[in-house]
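# Structure for the following, please:
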Amino acid sequence: MESPLVASGGTTVSTGGGVADRYAAALYGLASDEHALDAVVEQMDRLGRTIDASADLRRLLDSPLIDVQTSQKAALAVLQSEGFGKLVQNFVSVVIVNRRQSALRSIIRGFAALVAQKRGVVVAYVQSAHPLTDVQEQQLRARLIEAGYGNVDIQKSVEPGLLGGLVVRIGARLFDSSLKSRLQRLQYAMKGAA
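Just a heads-up that it's a prediction; the model follows:
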């Protein structure tokens, strides 16, 4: 069941009710109220990249064995050294104090999705077996526009297990043209014919 949240200006935001969505909506409301939304959007995107690039930071956030104060101190030291603003530092601190640090990456994705929704941007999560070239990305963007998705932000990831083709997820819709899925469907069809 979806739970509506009220963001800045009384706008109702419908979320899936998960922890990440609630934290993302709270950060969005706070950043809007502080008139710092653009800065927070940039910093949260940078925080996601920082987490992805640092195995030590991921271990810190994922480990239930590290006590809250140590985790909070270490995370704040990283944020301060990387030049993150006070709002993002305080937000991450609250996430850690509430023992939700393992969900921080999901919160960042939820925040990005909420910002995109508010700005009328559709986020397309694209998995491919190999990195997309600029031409392939432009062709994909053109196809998505033809399909009615006007303003599209393409989030790419490489998944070698797909063998070829693409998997595109836009909201609840999934478009799977991967070679792996095609081979699985062929295998099921051949089992049915035997």
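# Please enumerate the strands of this protein.
3-6, 12-15, 122-128, 152-158, 166-170, 173-176 (DSSP state E).
# Hmm, Val68 and Val97 touching each other?
Yes - using CB atoms under 8 Å, Val97 makes contact with Val68 at a distance of 6.1 Å. The C-beta positions use only the backbone N, C-alpha and C, and glycine is treated the same way.
# on that earlier part again, can you say which of the strands of the chain is nearest to Ile108?
Shortest distance between Ile108 and those, using CB to CB, is found for strand 152-158: 12.0 Å.
# before we move on, back to that, would you list the strands of the chain in TSV and tack on mean pLDDT, distance to Phe84 and mean neighbour count?
Below are the strands of the chain laid out as TSV (pLDDT from 0 to 100; distance: least, CB to CB, whole Å; neighbours: other CB atoms under 10 Å):
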stretch	mean pLDDT	distance to Phe84	mean neighbour count
strand 3-6	35	24	14
strand 12-15	37	24	14
strand 122-128	87	23	19
strand 152-158	85	22	14
strand 166-170	88	29	18
strand 173-176	85	34	13
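# In JSON lines, list the ones you listed along with distance to Phe111.
As requested, the strands of the chain are arranged in JSON lines below (distance: least, CB to CB, whole Å):
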{"stretch": "strand 3-6", "distance to Phe111": "13"}
{"stretch": "strand 12-15", "distance to Phe111": "11"}
{"stretch": "strand 122-128", "distance to Phe111": "12"}
{"stretch": "strand 152-158", "distance to Phe111": "13"}
{"stretch": "strand 166-170", "distance to Phe111": "18"}
{"stretch": "strand 173-176", "distance to Phe111": "22"}
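# Which of those strands sits closest to Ala26?
strand 3-6 (7.9 Å).
# okay, and for this protein, where does confidence drop off?
1-17, 193-194 (pLDDT under 70).
# which residue is nearest the centroid of it?
Centroid-nearest residue in the chain: Arg109, 2.2 Å away (criterion: CA atoms, centre = their mean).
# ok, that one to Gln187 distance?
Going from Arg109 to Gln187 by CB to CB, to the nearest Å gives 33 Å.
# One more: Leu144?
Applying CB to CB, the value for Leu144 to Gln187 is 30 Å.
# now do Arg59
Separation of Arg59 from Gln187 (CB to CB): 39 Å.
# Same check on Ile51?
37 Å.
# who has more neighbours, those two?
A count of neighbours by other CB atoms under 10 Å puts Ile51 above the other of Ile51 and Gln187, at 17 against 10.
# That one and Ala77: what is the separation?
As judged by CB to CB, Ile51 and Ala77 stand 15 Å apart.
# correct me, but the residue nearest to the centre of the chain touches Ile51?
No - counting by CB under 8 Å, Arg109 sits too far from Ile51 to count as a contact (10.9 Å).
# Span of stretch 144-156 from start to end?
One end of stretch 144-156 to the other measures 14 Å (CA to CA, to the nearest Å).
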